[in-house]
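J.: Next come a sequence and a model predicted from it.
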Amino acid sequence: MTGEVLKSTGSWYDVLAEDHKIYQARTRGKLRLKGFKTTNPIAVGDKVSISLENDTEAVITEILPRENYIIRKSVKQKSHGHILAANLDQAILIVTLTYPRTSLGFIDRFLVSAESFRIPQVILFNKIDILDKEGMDMIEEIIEIYEKIGVTCLKVSALKEEGINSVLELLEGKKSLLSGHSGVGKSTLLNKIAPGIEQKTGAISDFAQKGVHTTTFAEMFEISSSTFVIDTPGIKELGIIDIETEELSDYFPEMRALQSECKFHNCTHLHEPKCAVQNAVDNGEIAESRYISYVSIIEGDDNRR
Ligand SMILES: Nc1nc2c(ncn2[C@@H]2O[C@H](COP(=O)(O)OP(=O)(O)OP(=O)(O)O)[C@@H](O)[C@H]2O)c(=O)[nH]1
Ligand SMILES: [Zn+2]
């Protein structure tokens, strides 16, 4: 039988199996995907083969190949990675213009990370109820930038329950990662979408805040059959890992599309002559804010959010 890992504590896993029951599962012996070292062989979202021990327990016999995964450097073992979640259909960033302010630089970093993990991206603008005309205009301008590069954008008010149906449609049948700065309304939104998971999310953030574990374990919530939301406690951003300068424009779709038109095939789009990307920024085809983010990521300027 196969199943999906909903939760991991490091040695035990909650696996939602094909029979729609949740089994407490563990691995037997060494079970690793070849190719890289990780502190956790199995992550939330992994599809696994299990053999049942009894009504409630199972053994994981195989990890099925991953479509994608989010990995970060392990806190404990620097040479190892820690997989946060696997097989995601989309990464959703909840953004607010004010209270708290989410900068375009932060949005771009998130998109770059998700793109490098090959996960489609969505930006969800929350708290539109507190915006005046000027604020709404600003959101429209930002949406134009991102829709142009293929990112889905939604405007909602979790508090006033505006746009909740479009969020439900967006999530339907998919596994979605939800991220955003603290205070953007993630819990409020989750509770409007799936009232039952209120307590669970509260419990998780308490747990994370107390810092009981140095390792963060994500948890996947079943909103409805085959619709899942992954909440990574304590993690507000994906973090950009080990992207080389020459590689970065691969994760800016609008730059990737122009790469072959630059004079130099290994153009970094910073100072080279006859650079198609710099030309596109000059004539407004590429948003200036996106180019600024590109440069600041290369410069490792983490503070300019
Ligand atoms: N005006 C307005 N306020 C909202 C909206 N959504 C959430 N809030 C408020 O914003 C504050 C933070 O909301 P939370 O849902 O706790 O935010 P969170 O993202 O879960 O924050 P963390 O738990 O710190 O990660 C609360 O006071 C909410 O009532 C909205 O659509 N409009
Ligand atoms: Zn170039």
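T.: Looks like it came in fine. Ligands and ions are numbered 1, 2, ... in the order given.
J.: Quick check, pLDDT for the closest residue to ligand 1 within the stretch 1-150 of the chain.
T.: Distance from ligand 1 to each residue of the stretch 1-150 of the chain (CB to the nearest ligand atom) is smallest for Lys127, at 3.8 Å. Any C-beta I mention is one placed from the backbone N, CA and C, and that applies to glycine too. Lys127 carries a pLDDT score of 98 in this model.
J.: Show me what from the protein comes close to ligand 1.
T.: Taking CB under 6 Å from any ligand atom, the part of the chain that reaches ligand 1 is made up of 126-127, 129-130, 157-159, 180, 182-188, 205.
J.: hmm, which of these are the buried ones?
T.: Asn126, Lys127, Ser157, Ala158, Gly180, Val184, Gly185, Lys186, Ser187, Thr188 (16 or more other CB atoms under 10 Å).
J.: hmm, back to that, residues near the closest residue to the residue of the stretch 1-150 of the chain closest to ligand 1 other than its chain neighbours, how many?
T.: The spatial neighbour of Lys127 that comes closest, neighbours along the chain excluded (CB to CB, 6 or more residues apart in numbering), is Thr96 at 4.8 Å. Thr96 is flanked by 20 other residues according to other CB atoms under 10 Å.
J.: related to what we said a few turns ago, got the contact list for the residue of the stretch 1-150 of the chain closest to ligand 1?
T.: The neighbours of Lys127, taking CB atoms under 8 Å, 6 or more residues apart in numbering as the test, are Thr96, Leu97, Thr98, Tyr99, Ser157, Ala158, Leu159, Val184, Gly185.
J.: isn't the residue nearest to Lys127 right up against Ile128?
T.: No - counting by CB atoms under 8 Å, Thr96 stays clear of Ile128, with 9.1 Å between them.
J.: can you tell if the strand or helix carrying Asn279 touches ligand 2?
T.: Assessed by DSSP states H and E, Asn279 sits inside helix 276-282. Yes - residues of helix 276-282 contacting ligand 2 under CB under 5 Å from the ion: Val277.
J.: list the buried ones in that helix?
T.: Buried residues in helix 276-282 (16+ other CB under 10 Å): Ala276, Val277, Gln278, Ala280, Val281.
J.: Also stretch 130-139?
T.: Neighbour count says stretch 130-139 has Leu131, Ile139 buried, by 16+ other CB under 10 Å.
J.: How about stretch 149-169?
T.: Ile149, Val151, Cys153, Leu154, Lys155, Val156, Ser157, Ala158, Gly163, Val167.
J.: what would the residues you listed look like in TSV with secondary structure and pLDDT?
T.: As requested, these are arranged in TSV below (DSSP: H, G, I helix; E, B strand; the rest coil; pLDDT from 0 to 100):
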residue	secondary structure	pLDDT
Ile149	coil	97
Val151	coil	98
Cys153	strand	98
Leu154	strand	98
Lys155	strand	98
Val156	coil	98
Ser157	strand	98
Ala158	coil	97
Gly163	coil	97
Val167	helix	97
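J.: Relative to Gly300, which of the residues you listed is nearest.
T.: Minimum distance to Gly300 across these is 23.1 Å, recorded for Ile149 (CB to CB).
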